[in-house]
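Visitor: structure of the sequence below:
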Amino acid sequence: MKKNKIRTLTLALAAAILAGIGQGALAHTRLETATLNEGIRILNNVTIGHGCGEKAIIGTSVVFPDGTDSSITVGGQPHGGSLTDFVSNWGPNVQPLQTRAVFDFVDEKQGPTGNVVGFWSGGGPGMPAHMNAFVPFRVSATNIEPTSCAKSVKFFVSIADICEISGIDALRGGGGEAGAVANLWTHNNLGTPYDRVSATDDGPASLTITRDLTKNPLPGSCGSGVDVEVRPSAAQIMRDMPIKFNGQQVWPE
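Guide: You can find the predicted model right below:
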């Protein structure tokens, strides 16, 4: 009886471990908190799901839409106006936080106006391929424009988890496949070398700001409201995805 119990326990543990490995192997890099109410400041994390096959993650590059030349859709339809039609204070809303738990270095990425549009982290021990890791950052209180009909605004976040320092041409194998030089959690259709290799646009992480309908009710003419989505432009990805250290671009080479 005792041997049977031990054997059953052993099999159960083995099954749990295999299930965990399977989930880790399929895990996309995402934000720990993907949805938050407007007007709330939070501490958040980029959650790195796995390495490039057996290759460790040695750095990560994160880009949020800058809102300046971003692509905006409302209810799935293109919007010809600006982000300020829906968000009253998008700009310096993201700030990386210093920690050496995984990587030794971190720095912000600034757009042309000086606003932080993303960050990078790298160096140090990195993340073993079979593990997960947190890269911390802060999201400042983001406010939905009171006169708009937006009930939510979703920002698509482009992320590259780097396993090897390489040239830009080597990134085309970066759809998350084993043996790639980077895992690209990016859009698949912008026309940049950083595009994810995928049949569907399933790569980017996202951060959704939901309207506080008590403090900021929808105007009466809005009905049930609309969902707004914000994507980066190809020009922004080309500008902001590379990593620069002490003024010199170190990735891609």
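Visitor: measure residue 204 to residue 106 for me?
Guide: Counting by Cβ to Cβ, to the nearest Å, the gap from residue 204 to residue 106 is 21 Å. For the C-beta atoms, the positions are set from N, CA and C on the backbone; glycine is no exception.
Visitor: give me the number of residues near the residue nearest to residue 227 when sequence neighbours are not counted?
Guide: Nearest residue to residue 227, sequence neighbours excluded (Cβ to Cβ, 6 or more residues apart in numbering): residue 152, at 5.0 Å. Per other Cβ atoms under 10 Å, the neighbour tally for residue 152 reads 17.
Visitor: grab the nearest non-local neighbour of residue 54.
Guide: Nearest one to residue 54, counting by Cβ to Cβ, 6+ apart, is residue 129 at 5.1 Å.
Visitor: likewise for residue 170?
Guide: Nearest residue to residue 170, sequence neighbours excluded (Cβ to Cβ, 6+ apart): residue 181, at 4.9 Å.
Visitor: where does this protein have low pLDDT?
Guide: 1-26, 173-179 (pLDDT under 70).
Visitor: please repeat the previous calculation with a cut-off of 50.
Guide: Residues of the chain meeting the criterion pLDDT under 50: 1-2, 5-6, 8-25.
Visitor: and the residue nearest to residue 79 when sequence neighbours are not counted, how far from residue 81?
Guide: Spatial nearest neighbour of residue 79, excluding adjacent residues (Cβ to Cβ, 6+ apart): residue 72 at 4.2 Å. Separation of residue 72 from residue 81 (Cβ to Cβ): 8 Å.
Visitor: hang on, residue 234 packs against residue 189?
Guide: No: between residue 234 and residue 189 no contact is recorded; they are 9.6 Å apart, counting by Cβ atoms under 8 Å.
Visitor: for those two, indicate the residue with more neighbours.
Guide: residue 234 (17 against 14).
Visitor: got the contact list for the more buried one?
Guide: Counting by Cβ atoms under 8 Å, 6 or more residues apart in numbering, residue 234 touches 190, 191, 192.
Visitor: list the residues that contact the last one.
Guide: This points to residue 192. Applying Cβ under 8 Å, 6+ apart, we find residue 192 in contact with 234, 237, 238, 241.
Visitor: for the residues you listed, please prepare a markdown table with the additional fields secondary structure.
Guide: Listed next are those as a markdown table, based on DSSP: H, G, I helix; E, B strand; the rest coil:
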| residue | secondary structure |
| --- | --- |
| 234 | helix |
| 237 | helix |
| 238 | helix |
| 241 | coil |
